[in-house]
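[1] The sequence and its predicted three-dimensional model are supplied below.
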Amino acid sequence: QKVSREELKAADNIASPSDATDSSVAAGASLMFCQPCTGPNDDGGHNNPEMLASIHTIPLETPVVILEASKAFEMLTKQEQEYAYALSKADWEGAKICLLQCSVESVPIFCLLQLALSAQTLEELKTAALNGGTLTEVEIQQALVYIAAFYGNMGNYKSFGDTKFIPALPSDKF
């Protein structure tokens, strides 16, 4: 679908969702999303659920490690500790820009994860999910791998290759 010069200008001039008109949203949407694949054999595997799962989920075998920095931090001088702390705060605040640059859905996913992970410790969440019969050990691991990948990429797209990833567990379980 071709977009007229006026539609491009209208899409560029949208300052906020409240400023958008139906035609300007349509113009912007046609610019941001790729066209659907055509032809019965020319879908690039997009209709193959197994291929989609392998491309768009993070393998369970992906190593997840905790970066332990407390010993190194304690070896710093008081001034170096204050500088490192201020830098980490600035990095954390600035990293939120990456969410917006990654995808529109990254921001609410981030908010959901922050809320869920700040309410209880990770061990308390795992215990509650297991004892409540809500999730299996494998499903918990699938969720944790997704969460680690989300924070590691600061969004729901891999930082290389622009491939979207989703949780490997069913959406009703997530």
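    The structure has been received and is ready for your questions. Just so it is clear, the structure is predicted and the values come from calculations on it, not from any experiment.
[2] The strand or helix carrying residue 86 - contacts with which helices or strands?
    Secondary-structure element containing residue 86, defined by DSSP states H and E: helix 78-102. Contact partners of helix 78-102 among helices and strands, from 3 or more Cβ pairs under 8 Å, 6 or more residues apart in numbering; DSSP states H and E: helix 106-119. Every residue, glycine included, has its C-beta placed from N, CA and C.
[3] Tell me the buried residues in the helix it packs on?
    106, 109, 110 (16 or more other Cβ atoms under 10 Å).
[4] ok, of the residues you listed, which one's closest to residue 146?
    When the buried residues of helix 106-119 are ranked by distance to residue 146 (Cβ to Cβ), residue 109 comes first, at 9.6 Å.
[5] What separation do you get for the closest one and residue 120?
    Going from residue 109 to residue 120 by Cβ to Cβ, to the nearest Å gives 19 Å.
[6] before we move on, what about residue 106?
    For residue 106, the distance to residue 120 (Cβ to Cβ) stands at 23 Å.
[7] just residue 88 next, same as before
    According to Cβ to Cβ, residue 88 stands 23 Å off from residue 120.
[8] now do residue 101
    The gap separating residue 101 from residue 120 is 30 Å, by Cβ to Cβ.
[9] hey, where'd the helices end up in this structure?
    Ranges of helices within the chain are 5-12, 22-32, 49-56, 70-74, 78-102, 106-119, 122-131, 137-153, based on DSSP state H.
[10] For residue 159, find the nearest of those.
    With Cβ to Cβ as the criterion, residue 159 lies closest to helix 137-153 of the helices of the chain, at 4.7 Å.
[11] list the contacts for residue 137?
    Residue 137 makes contacts with residue 130, as judged by Cβ atoms under 8 Å, 6 or more residues apart in numbering.
[12] Report the residue ranges of every domain in the protein.
    Taking automatic domain parsing as the reference, the chain has its domains at 5-54, 68-153.
[13] mean pLDDT lowest for which of those?
    Mean pLDDT values for these show the minimum at domain 5-54, a mean of 42.
[14] residues near residue 142, how many?
    Using other Cβ atoms under 10 Å, residue 142 is surrounded by 22 other residues.
[15] Could you single out the nearest of the buried residues of helix 106-119 to residue 62?
    residue 109 (18.2 Å).
[16] Now that closest one: closest residue in space, sequence neighbours ignored.
    Of all residues not flanking residue 109 in the chain, residue 156 sits nearest, at 6.0 Å (Cβ to Cβ, 6 or more residues apart in numbering).
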